[in-house]
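Enquirer: No letters, just coordinates:
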């Protein structure tokens, strides 16, 4: 029996009394992935990206481990919700226009102490000021650096379109704007190198593309390490009490951790190990989050149909954004239908061994987005479900 077949047998036994569709997290794999992230972080603290987990019970589980510290949230409403639930170090990774949320933040000393907000434009400071109901609490501020690689005098740009702040001078100027603004305190810098951390460099069957990605990422890491160090020096000249410099992501943990200017690493997807993270040459994780769909039809030889399953991930549309049939091994989508909203035909020899009601296990393309489809996660240890915990959706929270 292969390791994957053994996993399938465990998951089927663990969930034998549960009807699919359902989602699980294999805690042994989850913990092993957490260990791998810490190993690659080489002693620097790891801040957990909540959008990649979207389950408070699992956030608490990983934060209980030495080496993980604080969370990185994705909306202001989520940040306030987590802070009220006892998460005392919340970095909001994206600027917000939530005036009601800012009124709550600036009106509550405990929230203001726990949450750090992201800015990359003086207009965002003015929006926060306009939301204050009174003078209010001091707002903790983090500046975001644009990490994109610019070539040929800026005519070629590689990287996500996030912050407009690219140079040390631009970052220092916004730092001075924060320093001049009453009611704000600059405490951090964030620089997320998504073109390194979130792009696989070892895509099966695509050696030329993979080689090109490796060359790009090597150049991007070198350029960013130099520029990030210069940015930190420039901002510290304005704000010498800067508390943290955050960088990285699951795919770049070990490279970002090697930079002296970086004080903490961000990671989250690596805990679940969705299918997009199979395409990296520098690390290997264990699939920890899976979902199961039930067989509801047997249309013919070598074909079964499961209920639903059409859960595409965000990003540019393509096959790599689709879930992948994982267990039993050897199933594939019908190219004329793909994964469907209400039913999904699957082709392959293993189909003939599946009965009505059997489970087919899938891996999502991305991490936390899976939790937007399920209200609970069943936590598996060995061949038993040892707990069932709510996702954000299961707690009535859909922040985006």
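Expert: Received, thanks. For clarity, every value in this text was computed on a predicted model and none was experimentally measured.
Enquirer: Now the spatially most central residue of the chain: closest residue in space, sequence neighbours ignored.
Expert: Per C-alpha atoms, centre = their mean, the C-alpha nearest to the average position across the chain is that of residue 52, at 3.2 Å. Nearest non-adjacent residue to residue 52, counting by C-beta to C-beta, 6 or more residues apart in numbering: residue 268, 3.0 Å away. The C-beta positions use only the backbone N, C-alpha and C, and glycine is treated the same way.
Enquirer: Let me know whether the one you found touches residue 46 as I believe.
Expert: No: in this structure, residue 268 is not within contact of residue 46 by C-beta atoms under 8 Å, at 9.2 Å.
Enquirer: confidence score at the residue nearest to residue 52?
Expert: pLDDT recorded at residue 268 is 95.
Enquirer: how far away is it from residue 362?
Expert: Distance, residue 268 to residue 362, by C-beta to C-beta, to the nearest Å: 20 Å.
Enquirer: One more: residue 106?
Expert: Counting by C-beta to C-beta - residue 106 and residue 362 are separated by 44 Å.
Enquirer: Over to residue 322?
Expert: 9 Å.
Enquirer: The two: which has the busier surroundings?
Expert: residue 362 (27 against 20; other C-beta atoms under 10 Å).
Enquirer: Tell me which strands the helix or strand that contains the more buried one pairs with, and in which orientation.
Expert: Assigned by DSSP states H and E, residue 362 falls within strand 359-363. Pairing partners of strand 359-363, with direction, according to DSSP bridges: strand 289-300 (antiparallel), strand 324-327 (antiparallel).
Enquirer: How about the longest one, which residues are buried there?
Expert: This means strand 289-300. Of the residues in strand 289-300, 289, 290, 291, 292, 293, 294, 295, 296 count as buried by neighbour count, 16 or more other C-beta atoms under 10 Å.
Enquirer: and if you look at stretch 103-123?
Expert: Quick answer for stretch 103-123 (16+ other C-beta under 10 Å): 103-106, 108, 111-112, 114-120.
Enquirer: do stretch 239-248 as well
Expert: 239, 242, 243, 244, 245, 246, 247, 248.
Enquirer: measure the residue lying closest to the last one once chain neighbours are set aside to residue 47 for me?
Expert: Using C-beta to C-beta, 6+ apart and skipping residues adjacent in sequence, the residue nearest residue 248 is residue 256, 3.4 Å away. As defined by C-beta to C-beta, residue 256 lies at a distance of 12 Å from residue 47.
Enquirer: and those two? which has more neighbours close in?
Expert: Neighbour count, other C-beta under 10 Å: between residue 256 and residue 47, residue 256 has more, with 30 against 25.
Enquirer: And what about that one, helix, strand or coil?
Expert: Recorded secondary structure, residue 256: helix (DSSP: H, G, I helix; E, B strand; the rest coil).
Enquirer: what residues are up against it?
Expert: 193, 197, 247, 248, 249, 262, 265 (C-beta atoms under 8 Å, 6 or more residues apart in numbering).
Enquirer: what about 7 Å?
Expert: 247, 248, 262, 265 (C-beta atoms under 7 Å, 6 or more residues apart in numbering).
Enquirer: What of residue 253?
Expert: 37, 40, 41, 265, 267.
Enquirer: Filter the residues you listed down to the buried ones.
Expert: 37, 40, 41, 265, 267.
Enquirer: what's the closest of those residues to residue 354?
Expert: residue 37 (35.2 Å; C-beta to C-beta).
Enquirer: Contacts only, for that closest one.
Expert: Contacts of residue 37 (C-beta under 7 Å, 6+ apart): 46, 253, 267, 270.
Enquirer: go with 8 Å
Expert: 46, 250, 253, 267, 270, 271.
Enquirer: now the second one, nearest residue through space, not along the chain?
Expert: The one in question is residue 250. Residue 250 sits nearest to residue 270 (C-beta to C-beta, 6+ apart), 3.7 Å away.
Enquirer: for the one you found, phi and psi?
Expert: Main-chain torsions, residue 270, degrees, to the nearest 10: phi -60, psi -20.
Enquirer: thinking again about what came up before, could I get the buried residues of strand 289-300 as a markdown table with pLDDT and distance to residue 172?
Expert: Formatted as a markdown table, those follow (pLDDT from 0 to 100; distance: C-beta to C-beta, whole Å):
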| residue | pLDDT | distance to residue 172 |
| --- | --- | --- |
| 289 | 98 | 41 |
| 290 | 98 | 46 |
| 291 | 98 | 47 |
| 292 | 98 | 52 |
| 293 | 98 | 52 |
| 294 | 98 | 57 |
| 295 | 98 | 60 |
| 296 | 98 | 60 |
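Enquirer: Which neighbours do residue 256 and residue 47 have in common?
Expert: In contact with both residue 256 and residue 47: residue 265, using C-beta under 8 Å, 6+ apart.
Enquirer: and residue 314, that one's in a strand?
Expert: No: counting by three-state DSSP, residue 314 is not found in a strand; it is coil.
Enquirer: Hmm, residue 293 is touching residue 21, no?
Expert: Yes: between residue 293 and residue 21 there is a contact under C-beta under 8 Å: 5.4 Å.
Enquirer: which neighbours do the two share?
Expert: 307, 308.
Enquirer: Check whether the residue nearest to residue 250 really touches residue 287, as I assumed.
Expert: No: using C-beta under 8 Å, residue 270 is not in contact with residue 287, being 11.4 Å away.
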